[in-house]
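Undergrad: Coordinates for the following, if possible.
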Amino acid sequence: MTTLSATGLRYERDGRVILDDLEFSVSSGERLAVLGPSGSGKTSLLALLAGLTKPNAGEIRVDDVVQEPRPRKGFGLVLQGYGLVSLLTAAENVEAGLRAAGYDASKVGPMAKRALLDVGLDGHEDALIEELSGGQQQRVAVARAVALQPDVLLADEPTAEQDPVFRALVLSRLLEVSDRGGVLVLATHDPEVARRCTRTLHIRPESELPDVEPAPSGGWPTGRS
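TA: Next up is the predicted model:
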C-alpha cells in the first residue's frame, strides 16, 4: 500500500505564489487527475511531488515519511519536455531508465522492447530520438516510465501529442499502473483522461484554493477551471 500526500504545500517562483496551502492524499489503486488552466501550477506540482524542486512551505509524504527535495525512488515520470537523450535510440532511453533503477543488465533489453511494443513503437527501437516525431517521443517517455513498474507514476499532459488511436493506447498503459496497485497522478487538459480518473484535483489561479473531489462520471468537470 502506497500513499502520496501533501500538507500545507506552498510554492513561489519569481515572487509569484504558484501554489498555496495545498493538501491532498492519494493511495494505491487511485488515479488523480490534476486540472487547471495553463499557468495554474500543474507542472510545478508534479515537480514538487517528484522531488525535482523544493516547496517554500509544507510537506510531501510517501507512506507517512516526509520526503526531502530529491528524486524519489520508486517513482516514474513523464515530463512535458520528455527528458529523453536525443543521441540515444528509443530502446536505449528506456534501457537507461531501467539500469538507473537497478534492474539487471541482462533483462533491460527485453523489458525495453516490450515497453515500446506496448505503446505502438515496435519497429522504432533503434531509431534515434531526434528522428522521431513529437508524438513518438512522448510515447518513448511513457514507455520508459511504465517499464519501471513504479509505485507512483507522475505524468504531465501525457496524451497531448497523440492522435485518438494512440491516445487510447497511451492512456491504457498509464491506467495499468493503478490497476496493479500503484498511484497515478496525471496533469491534463484532456476530458477523456479526467473521466477515467477516480478523483480530480482542481488548481485554481490566484487566490482561489485547490480542492479534491470524486471524478465526474463522464465528460469534463463543469463549473470549474
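
Undergrad: Could I have the CA atoms of stretch 31-48 written out in CSV?
TA: This file holds the C-alpha atoms of stretch 31-48, laid out as CSV (Å, rounded to 0.1, in the frame of the first residue of the first chain):
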residue,chain,number,x,y,z
ARG,A,31,-5.9,7.8,-10.3
LEU,A,32,-5.8,11.5,-9.6
ALA,A,33,-6.3,14.0,-12.4
VAL,A,34,-4.8,17.4,-11.8
LEU,A,35,-6.8,20.0,-13.7
GLY,A,36,-6.5,23.7,-14.2
PRO,A,37,-5.8,26.4,-16.8
SER,A,38,-2.3,26.8,-18.3
GLY,A,39,0.0,28.5,-15.8
SER,A,40,-2.1,27.5,-12.8
GLY,A,41,0.7,25.3,-11.4
LYS,A,42,0.1,21.7,-12.6
THR,A,43,3.6,21.2,-13.8
SER,A,44,5.0,22.8,-10.7
LEU,A,45,3.0,20.5,-8.5
LEU,A,46,4.3,17.4,-10.3
ALA,A,47,7.9,18.7,-10.0
LEU,A,48,7.4,19.1,-6.2
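
Undergrad: low-confidence ranges in this structure?
TA: 205-225 (pLDDT under 70).

Undergrad: in this protein, which spans are strands?
TA: 3-13, 16-27, 31-35, 57-62, 65-66, 75-78, 152-156, 183-187, 199-202, 211-214 (DSSP state E).

Undergrad: Sort out which residues of the second one are buried, please.
TA: So that's strand 16-27. Of the residues in strand 16-27, 18-20, 22, 24, 26 count as buried by neighbour count, 16 or more other C-beta atoms under 10 Å. Heads up, the C-betas are built off the backbone N, CA and C, glycines and all.

Undergrad: same thing with the fourth one?
TA: Neighbour-count burial for strand 57-62, counted by 16+ other C-beta under 10 Å, picks out 58, 60, 62.

Undergrad: got the buried residues of strand 16-27 as JSON lines, with distance to Val183 columns?
TA: Output for those, formatted as JSON lines (distance: C-beta to C-beta, whole Å):
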{"residue": "Ile18", "distance to Val183": "22"}
{"residue": "Leu19", "distance to Val183": "19"}
{"residue": "Asp20", "distance to Val183": "23"}
{"residue": "Leu22", "distance to Val183": "17"}
{"residue": "Phe24", "distance to Val183": "12"}
{"residue": "Val26", "distance to Val183": "6"}
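
Undergrad: List just the nearest of the buried residues of strand 57-62 to Asp14.
TA: Nearest to Asp14 among those is Gly58, at 19.2 Å by C-beta to C-beta.

Undergrad: Does that closest one touch Ser5 like I think?
TA: No. The criterion here is C-beta atoms under 8 Å, and Gly58 misses it with Ser5 at 10.5 Å.

Undergrad: And stretch 187-207, how far out from the chain middle?
TA: How far stretch 187-207 lies from its chain's middle: 13 Å, per C-alpha atoms, centre = their mean, to the nearest Å.

Undergrad: do stretch 132-150 as well
TA: 11 Å.

Undergrad: For it, could you pull out the residues that count as buried?
TA: So stretch 132-150, judged by 16+ other C-beta under 10 Å, has buried residues 132, 135-150.

Undergrad: Leaving out the residues flanking it, which one is nearest to the spatially most central residue of the chain?
TA: Note on the chain: the residue nearest the mean C-alpha position is Ala155, at 1.6 Å, using C-alpha atoms, centre = their mean. Among residues not flanking Ala155 along the chain, Val78 sits closest, at 3.8 Å (C-beta to C-beta, 6 or more residues apart in numbering).
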